[in-house]
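>>> Predicted model, plus sequence, below.
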Amino acid sequence: MVVCGAVLLPLAASQAYASEETPQETVSQATPAPTVKNGLLKEGRYYCYYKKGKKIKNRWVNIGSNRYFFNTNGHAVTNSMKRGQYVYVFDLEGKLQRPKKPSIVKVGQNMYYVDSKGHATVGWFVLKNRLYRGDPKGRLCKNRVYDGITFGKNGYAVNDTNAQLKMQTMKIMPKITNSRMTSYQKLNACWNYVVNNIYYYGWYPGTAKGWQRRCALNTLATGR
């Protein structure tokens, strides 16, 4: 009994010691302040611009030497945008394209003819004796047929009878019509031009397909 008591007494004492809880120190962690967004940031696929945490929307912004337009969602516009009477062209990072002189600019898969203010040409135009057409978004026609005229991969028309006839009429029309005329007045001006400036002679265009356009091209180009 004495031996057992001698063994159990230290064991009991050690268990009592182990059961005593050591006080735990509680450390409070401060919540970090939210980061205020500033400047040009890329969010997903789009570039956005923040000023003191506020996203800029529906306005022009100059950043360094570059100019951007951020739409109603706060995204920098890419490719093209019509605002007022002009179509503006931007690269894929949203930078307004402003070449030193009017030039053809490529953005992604699209091509534009852009002046030094970033305006794209819309409609038909001739450049270095080549026929081009910019659609309502300023994109040059390519790899397609439009209004009977075939456009290649470089954005200008194949130099066939149809393209030459179109360019010839584009030379004449500004001389005899203006934007204030009605359709009837323009037709009447064209009729008067033909009556007063075209002379008949015996040139025979043949009967192969497209002879009417070949004949019209020769008549307008030579006056006969």
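Happy to help now that I have it.
>>> give me the beta-bridge partners of the spatially most central residue of the chain?
Nearest to the geometric centre of the chain sits residue 79, at 1.2 Å (CA atoms, centre = their mean). Per DSSP bridges, the residues bridged to residue 79 are residue 90.
>>> give me the low-pLDDT residue ranges for this protein?
Counting by pLDDT under 70, the ranges of the chain that qualify are 1-30, 33, 200-205, 224.
>>> just the helices in it please.
2-18, 161-176, 183-197, 211-222 (DSSP state H).
>>> got the buried residues for the second one?
Read that as helix 161-176. For helix 161-176, burial by neighbour count (16 or more other CB atoms under 10 Å) applies to 161-168. For glycine as for every other residue, the C-beta is placed from the backbone atoms N, C-alpha and C.
>>> again, but for the third one
Residues of helix 183-197 classed as buried: residue 193 (neighbour count, 16+ other CB under 10 Å).
>>> Tell me which residues are up against that helix.
172-173, 176-177, 181, 223 (CB atoms under 8 Å, 6 or more residues apart in numbering).
>>> Please save the CA atoms from that helix in PDB.
What follows is helix 183-197, C-alpha atoms only, in PDB (Å, rounded to 0.1, in the frame of the first residue of the first chain):
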ATOM      1  CA  SER A 183     -32.300  63.800-106.900                       C
ATOM      2  CA  TYR A 184     -34.300  65.300-109.800                       C
ATOM      3  CA  GLN A 185     -31.900  68.200-110.100                       C
ATOM      4  CA  LYS A 186     -28.900  65.900-110.100                       C
ATOM      5  CA  LEU A 187     -30.400  63.700-112.900                       C
ATOM      6  CA  ASN A 188     -31.300  66.800-114.900                       C
ATOM      7  CA  ALA A 189     -27.700  68.100-114.500                       C
ATOM      8  CA  CYS A 190     -26.300  64.700-115.700                       C
ATOM      9  CA  TRP A 191     -28.700  64.800-118.700                       C
ATOM     10  CA  ASN A 192     -27.500  68.300-119.600                       C
ATOM     11  CA  TYR A 193     -23.900  67.300-119.300                       C
ATOM     12  CA  VAL A 194     -24.400  64.400-121.700                       C
ATOM     13  CA  VAL A 195     -26.400  66.500-124.300                       C
ATOM     14  CA  ASN A 196     -23.900  69.300-124.200                       C
ATOM     15  CA  ASN A 197     -20.600  67.400-124.000                       C
END
